[in-house]
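Participant: Sequence and predicted model, in that order:
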Amino acid sequence: MNFDQYFSGKTAIVTGGASGIGNALAETMLINGARQVVIADFNKDNLETQTNRLKEAFPGQVIGILCDVTQEDDVKGMIDQAADFFGGKIDLLFNNAGAGLSGAFEQLTNQDWEKGFALNFYSAIYGIRHVLPIMKSQGGGQIVNTISGIAWSPMALQSMYAATKSALCMMGLTLRYELWDDHIKVNTATPGTTATAIFGDTAAPDYAQTPMQSAHRILLGVQNNDRLILGDDLDVEGAKIAFNPEAASQMDHYFLEVARDRKQGKWRF
Ligand SMILES: NC(=O)c1ccc[n+]([C@@H]2O[C@H](COP(=O)([O-])OP(=O)(O)OC[C@H]3O[C@@H](n4cnc5c(N)ncnc54)[C@H](O)[C@@H]3O)[C@@H](O)[C@H]2O)c1
């Protein structure tokens, strides 16, 4: 399936846009006619490299803004700068920046939890809070929050990742209806398993898709204004089964196996 001119002429901000899925979202929208895109990231070197790469292919259509999404002032400043670059109108905001946040619960301090929520949850609050007045005054817009299948797949040693992403999931699903009549679409997206820097030193599973494949599927869901965009078929299966009472013992069996393997150092999903 392809994009029916949906992104044509649109402006978009992508946080975490200097790497992986965010970078692929920005590039795919530009390839499909987006007028201008801002990539926002706190990794200065990657931001410079990726901004230059995209600028070369799409002159005048891209800027990179250095922004730490855990800092509300940074996010507000980034949105103001993006609005200036776009000539006032912001069609799409992708709250995509995030990290995998693994660690045994007993090792995690309050400071770790605060940092985790700052990155994977509060960053989106800041983005939404500061883009809403602009979107409301222009009569509409679209906000896409990147969650993860872990929002409903309780994988041991990632309690913080699961908690931050399920909080973001439910916030986005709720706002969808709160903002619907203001013509602001809110989509909640899992990227599926995607080979990016998020895996760090661990190899991505061999079934992982590429960032461009993930971005394509997410953007089709954005075009379709899907409530929940599921980034690969495993996420679709997971979403169907996660809270099904009839599958409870199957869920226990599977996630207990994952937990035991992970605790023995065998990282699996
Ligand atoms: N890759 C996967 O399999 C997968 C699966 C589910 C969900 N996700 C989610 O997709 C999103 C994108 O991840 P990715 O896989 O492309 O990883 P990635 O590491 O390639 O990209 C994440 C980007 O976010 C940026 N970032 C991190 N902290 C930031 C901060 N404080 N301020 C600004 N930018 C910051 C990083 O510099 C990086 O450029 C994340 O929210 C992640 O949780 C990824």
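Facilitator: Great, that's in hand. Residues are numbered from 1 along each chain as shown.

Participant: In this structure, what residue spans correspond to helices?
Facilitator: Secondary structure of the chain, counting by DSSP state H: helices at 20-31, 44-57, 72-86, 110-117, 123-138, 159-180, 211-223, 233-241, 248-263.

Participant: Would you mind saying which of the ones you listed lies nearest residue 3?
Facilitator: Minimum separation from residue 3 across the helices of the chain (Cβ to Cβ) falls at helix 211-223, 5.8 Å. All C-beta spots, glycine's among them, are computed from the backbone N, C-alpha and C.

Participant: Just want the angle from that closest one to helix 233-241.
Facilitator: 50 degrees (axes from the mean of the first three to the mean of the last three Cα atoms, to 10 degrees).

Participant: in helix 211-223, what counts as buried?
Facilitator: 211, 212, 213, 214, 215, 216, 217, 218, 219, 221, 222, 223 (16 or more other Cβ atoms under 10 Å).

Participant: who's in contact with the fifth one?
Facilitator: Contacts for residue 215 (Cβ atoms under 8 Å, 6 or more residues apart in numbering) come out as 21, 24, 25, 27, 28.

Participant: Kindly export stretch 116-125 (C-alpha atoms) in CSV.
Facilitator: Written as CSV, here are the backbone C-alpha positions of stretch 116-125 (Å, rounded to 0.1, in the frame of the first residue of the first chain):
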residue,chain,number,x,y,z
GLY,A,116,13.1,6.8,32.6
PHE,A,117,9.7,8.6,32.8
ALA,A,118,11.3,11.9,31.9
LEU,A,119,12.5,10.4,28.6
ASN,A,120,9.8,8.0,27.6
PHE,A,121,6.7,9.7,29.0
TYR,A,122,7.2,13.4,30.1
SER,A,123,8.9,14.2,26.8
ALA,A,124,5.6,13.5,25.1
ILE,A,125,3.6,15.6,27.7
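
Participant: Report the mean confidence score over that stretch.
Facilitator: For stretch 116-125, mean pLDDT is 98.

Participant: That one vs the ligand: in contact?
Facilitator: Yes: counting by Cβ under 6 Å from any ligand atom, contacts between stretch 116-125 and the ligand involve residue 119.

Participant: what's next to that stretch, contact-wise?
Facilitator: 15, 69-70, 72, 75, 95, 97-99, 101, 145, 160-161, 163-165, 167-168, 171-172.

Participant: Return the residues of the stretch 101-250 of the chain in contact with the ligand.
Facilitator: 119, 146, 148, 190, 191, 193, 194, 196, 197, 198.

Participant: And the pLDDT at the closest residue to residue 138 other than its chain neighbours?
Facilitator: Spatially, and ignoring its direct neighbours in sequence, residue 138 is nearest to residue 89 (5.5 Å; Cβ to Cβ, 6 or more residues apart in numbering). Confidence at residue 89, expressed as pLDDT, is 98.
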